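1. Kindly generate the corresponding structure for this input.
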Amino acid sequence: MKRIIFLNIILATLFSVTSCSDFLVEEPNTQLTEAEVYSNEENIELLVSGLYTQWRGTRNDRRALYMYTMGTDEGKQGGQQIRENNYQAALDKYNGALNASNSVLAEQWNRRWPIVSAAAKAVKYSESEVLKAEACFIRGVVNFELAMYWGPIPIIDIDDMKESRQPIKDVFEFIIKDLEYAAANLPATQEDKKLPTNGAAKALLGKIYMYAPSETGLRDYSKAKEYFDMVIPNYTLLGSYADLFNTTLNQNSSEVIYAFQFTNVWPDNNMVQHHAGSRAVADLDANTYFGGYDLCMPTDYYAGDITSGGIWESGDARKDVSIRYDFTLPDGREPQITWTGQADELGPHTKKFEDIRTQGVLNFWYSGGLMYYLRLADILLCKAECLNELGQTGDAVNLVNSTVRTRAFGGTLPAEFAWSASMSQEDFRNNIMDERMRELGFEGWRRMDLIRTGKLMQFVKERNPWAKEEGTISEFHNLYPIPESEIKQNELINDEDQNPGY
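-> All right, here's what the predicted structure looks like:
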């Protein structure tokens with residue numbers, strides 16, 4: 001992140017997202033000054049367009065997606081995967097390999113800083129309020145992730161560069177400032193669905209006020225609720241939960257606030273099923289849409305019924321939409337455990353990334369359904385949490401019952417599954433965590449939810465089999481280690497700046 005490499009980063013970004021005909025200059029590329037590059041608003045448009053591709057790439061790469069889910073009480077690595085890569089295994093085991101030299105985590109850290117740096121250039125030089133707002137939105141989103149997973153981070157603002165780790169309060173204030181600008185200057189609707197709206201910025205602002213670490217003094221459930229109330233009237237829950245993940249339908253529905261846009265045509269396929277599906281199926285027929293390589297699978301807690309210590313209630317339609325239990329191929333063949341000998345190859349797998357359009361004609365690598373970032377059900381559950389924390393538990397219960405849980409049971413919530421209006425505040429806190437897993441499993445929020453509620457160590461130790469087996473997870477694991485490569489390359493981040501415990 002050194003200042004001297006910023007121009008090279010941006011130039012590389014520009015050229016990576018343009019064709020020769022898009023960006024012709026008479027001078028050699030290496031002689032372009034920063035002022036010359038950004039004096040043309042078209043170049044900034046190209047830069048911002050490239051940011052969306054880079055940001056989307058943090059979701060569809062195998063480790064990039066599953067760092068949100070692996071190592072939680074929701075997702076775990078498969079038995080063979082846990083044995084193949086010590087650094088990757090450490091994301092679930094929380095052992096000594098989860099350290100500053102962990103290459104899996106360093107890769108994710110390194111992928112995000114060019115996005116932040118390029119967005120900072122667009123914010124600085126663009127004369128368009130909308131382009132600047134788009135760049136602020138992306139910088140805010142990525143900084144939010146970095147701060148939640150790694151803690152205090154540098155603040156990349158061209159007018160006020162702070163390349164050392166900054167106080168976490170300052171970081172979150174900077175994120176809020178970015179998203180407030182985005183909320184004020186983005187349009188209410190976008191024809192191009194890869195572009196964010198002001199609704200997405202407001203929804204994320206609400207989340208920031210919920211998720212900001214308590215030590216920042218910025219966690220504010222009243223402000224969060226205010227933002228959620230601005231967003232909720234503009235979106236509508238789909239009648240069927242299954243329709244959210246049906247790739248034969250238009251997935252940009254009335255429920256979606258922001259989604260990463262993919263198709264099942266390379267290079268716009270999301271590739272996630274390649275890592276989410278069953279290896280036993282893949283070895284039998286590589287063109288079966290629910291095949292894959294067991295990289296990240298549901299924990300028993302996420303996949304199991306309440307009667308067996310899991311989360312699923314009888315009649316909840318989300319269960320069979322979210323989890324695959326049957327691996328019979330469409331032609332009737334039954335896959336067998338492969339040479340790896342890992343029985344969990346035919347254990348429960350997530351279904352949300354399956355793309356039936358590939359069945360029989362394309363490898364599951366070509367999965368291309370949308371990947372949701374913000375959708376209404378999430379915001380409704382977030383608002384309910386805010387109501388509970390504000391002492392309005394009865395209203396919180398009614399909101400969950402009348403919306404998310406009613407849909408989960410097909411439009412009519414059975415009396416025995418309706419949450420009681422007399423539920424205590426603490427019982428609501430416990431119940432909403434399970435409800436968020438039922439509704440949002442494998443959609444990328446679980447690790448943050450565990451961090452913000454202080455439950456990561458407790459729940460992971462109890463429910464993640466690899467962490468339980470290893471027995472080494474500690475409170476300091478709420479943050480990842482600052483990569484060794486960053487400490488070596490950035491003279492303003494030294495060994496003594498490392499997160500405690502590493």
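
2. mean confidence score for stretch 409-429?
-> The average pLDDT within stretch 409-429 is 98.

3. And stretch 475-495, by the same measure?
-> Mean predicted lDDT for stretch 475-495 stands at 97.

4. Contacts made by it with the rest, please.
-> The contact list for stretch 475-495 (Cβ atoms under 8 Å, 6 or more residues apart in numbering) reads 1-2, 94, 98-102, 105-106, 109-110, 149-151, 154, 163-165, 451, 456-457, 497-502. In this view, the C-beta of every residue, glycine as well, is placed from N, C-alpha and C.

5. if we go to 6 Å?
-> 1, 94, 99-101, 105-106, 109, 149-151, 163-164, 451, 456-457, 498-502 (Cβ atoms under 6 Å, 6 or more residues apart in numbering).

6. Report the buried residues of it.
-> Residues of stretch 475-495 classed as buried: 477, 478, 479, 480, 481, 482, 483, 484, 486, 487, 490, 493 (neighbour count, 16 or more other Cβ atoms under 10 Å).

7. out of those residues, who's nearest residue 402?
-> Nearest to residue 402 among those: residue 478, at 33.8 Å, using Cβ to Cβ.

8. got the CA positions of stretch 315-324 in PDB?
-> Listed next in PDB are the C-alpha coordinates belonging to stretch 315-324 (Å, rounded to 0.1, in the frame of the first residue of the first chain):
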ATOM      1  CA  GLY A 315     -42.300 -27.500   7.900                       C
ATOM      2  CA  ASP A 316     -39.700 -24.800   7.400                       C
ATOM      3  CA  ALA A 317     -39.500 -24.600   3.500                       C
ATOM      4  CA  ARG A 318     -36.000 -23.000   3.700                       C
ATOM      5  CA  LYS A 319     -34.400 -26.300   4.800                       C
ATOM      6  CA  ASP A 320     -34.700 -28.200   1.500                       C
ATOM      7  CA  VAL A 321     -33.900 -25.000  -0.500                       C
ATOM      8  CA  SER A 322     -30.800 -24.400   1.500                       C
ATOM      9  CA  ILE A 323     -29.400 -27.900   2.100                       C
ATOM     10  CA  ARG A 324     -28.900 -30.800  -0.300                       C
END
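
9. how about that stretch: buried residues?
-> For stretch 315-324, by 16+ other Cβ under 10 Å, it's 316, 318, 319, 321, 322, 323, 324.

10. next one: that stretch to chain centre, how far?
-> 21 Å (Cα atoms, centre = their mean, to the nearest Å).

11. Repeat that for stretch 94-109.
-> With Cα atoms, centre = their mean, you get 19 Å for stretch 94-109.

12. And stretch 350-369, by the same measure?
-> Per Cα atoms, centre = their mean, the centroid offset for stretch 350-369 relative to its chain is 20 Å.

13. Contacts made by it with the rest, please.
-> Under Cβ under 6 Å, 6+ apart, the answer for stretch 350-369 is 245, 247, 262-264, 269-274, 276-277, 286-287, 289-292, 298, 324, 442.

14. try stretch 296-313
-> So stretch 296-313 is contacted by 66, 69-70, 73-76, 78, 319, 323, 348-350, 417, 434, 437-438, 441, 463-464 (Cβ under 6 Å, 6+ apart).

15. Can you go through those and name the buried ones?
-> 66, 69-70, 73-76, 78, 319, 323, 348-350, 434, 437-438, 441, 463-464.

16. Please narrow those to those residing in strands.
-> 75, 76, 323, 349, 350 (DSSP state E).

17. Can I get the buried ones among the contacts of stretch 350-369 as something I can paste into PyMOL?
-> Entered in PyMOL, the line below selects the buried ones among those, by 16+ other Cβ under 10 Å:
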select buried, resi 245+247+262+263+264+269+270+271+272+273+274+276+277+289+290+291+292+298+324+442
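
18. Okay, and which of the contacts of stretch 350-369 map to strands?
-> Those of the contacts of stretch 350-369 lying in strands (DSSP E): 298, 324.

19. So which of the contacts of stretch 350-369 sit within helices?
-> 273, 274, 276 (DSSP state H).

20. A strand includes residue 258, no?
-> Yes - counting by DSSP: H, G, I helix; E, B strand; the rest coil, residue 258 is found in a strand.

21. And for it, the neighbour number?
-> By other Cβ atoms under 10 Å, the residues close to residue 258 number 22.
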